[in-house]
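Asks: Predicted coordinates and the sequence they were generated for:
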Amino acid sequence: MSGYHWLLTLHVTGAFLLLGGSTIAGLLSVLALRSDRPSEIALLLRLVRFALPLVAVGSVLTLVLGLWLVHHVGYSYGTFWVWAAVVLWVAGNGLGKVGGEKQKSARLLAERLAGEGDAPSPELQSLLRDRKANAMSWAAGVAFYGVLALMIWKPGQ
Amino acid sequence: MIAAVRPTSWDLPLFLHVAGAMTLVGVVATTLVLAFAGVRHPGERVLARSAFLSLLAALPAWVVMRIGAEWTYSNEHFTGHHDPTWLGIGFAAADAGLIILLIGVGIAYAWSRQLRPWAPKALGGIGTLYLALLTFAWLAMTGKWG
């Protein structure tokens, strides 16, 4: 394989980790919405921790190797699709972090309620269905798919 | 470099193919996490139900990935004769993967109906196999092996 293909393979692997990890976190959150019992919700939200290293490694690989590829191929860093992808990458990570903090609050509450009788709780349900937090998490996912679209269409190139 | 010279008419099918594949990997990985959690917590029905629902979500992702693949293939005017190795690996992984995926859906369904201890272990095994196959395919296709 050429140097270009090595860089591209690692960059795309990073994208698989980032989008794959985001999918795990998002899907487990959606599945937690289907449960009433705090112990079940806590169990599902605890599994989100397996997605976090994937998202972290994927984020670093996509950005570092992406910028390296721009240099290697000879694209300009000022081209629209390059800086727009960096902006969306930052936005996606920021929104995902805020959404994740809310999810952590829900998990902690679910764990506490599970130890106190495991009865369904309107407070927990309202935390899980927090429209602002959920919108941020979904927006993070849209931002990452937006980066993928920019990588393929390369507008401004 | 290939991206720089690729005709723009290939962009949408390629986007569908890659986005579908990345979503598929995420969904299969979610099922795997649920299956391994099910091995540790064999009495939790929520894990079995969630694994089944999660794996059902893999089917539309597979369809989007496969349609994108076929559309890109037809745009590139390959003939099926002397196609590059990476292309064969991609198609083999996609088509054999569907069989593995459907077996996984069957196991997940059986697990969601009755909490048998073999089910999460079998689902974990088949999920690992499928994820390894998908990883091999994305490495081969991105690196343009052969």
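Replies: Yep, that arrived. Numbering: from 1, shown residues only, chains lettered A, B, ... in the order given.
Asks: which residues of the chain score low on pLDDT?
Replies: Going with chain A. By pLDDT under 70, chain A contains no weakly predicted segment.
Asks: right idea, wrong chain: chain B
Replies: Filtered on pLDDT under 70, chain B yields the residue ranges B:1-6.
Asks: Just want the most central residue of it.
Replies: Centroid-nearest residue in chain B: residue B:24, 4.7 Å away (criterion: Cα atoms, centre = their mean).
Asks: Which helix or which strand is home to that one?
Replies: Assigning secondary structure by DSSP states H and E places residue B:24 in helix B:11-40.
Asks: How about that helix and chain A, any contact?
Replies: Yes. Using Cβ under 8 Å from any Cβ of the partner chain, helix B:11-40 comes into contact with chain A via B:11, B:14-15, B:18-19, B:21-23, B:25-27, B:29-30, B:33-34, B:37. Every C-beta, even on glycine, is put in place using the N, C-alpha and C of the backbone.
Asks: Give me the buried subset of those.
Replies: Buried residues within these, counting neighbours by 16 or more other Cβ atoms under 10 Å in any protein chain shown: B:11, B:14-15, B:18-19, B:21-23, B:25-27, B:29-30, B:33-34, B:37.
Asks: Residue of chain A nearest chain B, please.
Replies: Using Cβ to the nearest Cβ, residue A:23 is the residue of chain A that sits closest to chain B, at 2.4 Å.
Asks: give me the number of residues near that residue?
Replies: 26 (other Cβ atoms under 10 Å in any protein chain shown).
Asks: and if you look at the one 4 residues further on?
Replies: Summarising burial for residue A:27: neighbours were counted as other Cβ under 10 Å, giving 25.
Asks: what sits against it?
Replies: When contacts are counted by Cβ atoms under 8 Å, 6 or more residues apart in numbering or on different chains, residue A:27 touches B:26-27, B:30, B:54, B:57.
Asks: can you rerun that using 6 Å?
Replies: Counting by Cβ atoms under 6 Å, 6 or more residues apart in numbering or on different chains, residue A:27 makes contact with B:30, B:54.
Asks: Look at the residue of chain A closest to chain B and tell me its secondary structure.
Replies: Classification of residue A:23 using DSSP: H, G, I helix; E, B strand; the rest coil returns helix.
Asks: do you know how far it is from residue B:123?
Replies: In this view, residue A:23 and residue B:123 are 18 Å apart by Cβ to Cβ, to the nearest Å.
Asks: coming back round to it: please name every helix or strand in contact with the helix holding residue B:24.
Replies: Judged by 3 or more Cβ pairs under 6 Å, 6 or more residues apart in numbering or on different chains; DSSP states H and E, helix B:11-40 is in contact with helix A:3-33, helix A:131-153, helix B:45-75, helix B:118-143.
Asks: Test my guess that residue B:17 contacts residue B:68.
Replies: Yes. Applying Cβ atoms under 6 Å as the test, residue B:17 and residue B:68 come out as touching, 2.9 Å apart.
Asks: quick one, which of those two is more surrounded?
Replies: Neighbours were counted for residue B:17 and for residue B:68 using other Cβ under 10 Å; residue B:17 has more, 25 against 20.
Asks: Which residue is most remote from the mean position of chain A?
Replies: residue A:117 (32.7 Å).
Asks: and it, what does it touch?
Replies: Counted by Cβ under 6 Å, 6+ apart, residue A:117 has zero contacts.
Asks: mind listing what residue 69 touches?
Replies: In the absence of a named chain, this looks at chain A. Applying Cβ under 6 Å, 6+ apart to residue A:69 gives the contacts A:7, A:11.
Asks: Switch to chain B, please.
Replies: Counting by Cβ under 6 Å, 6+ apart, residue B:69 touches residue B:17.
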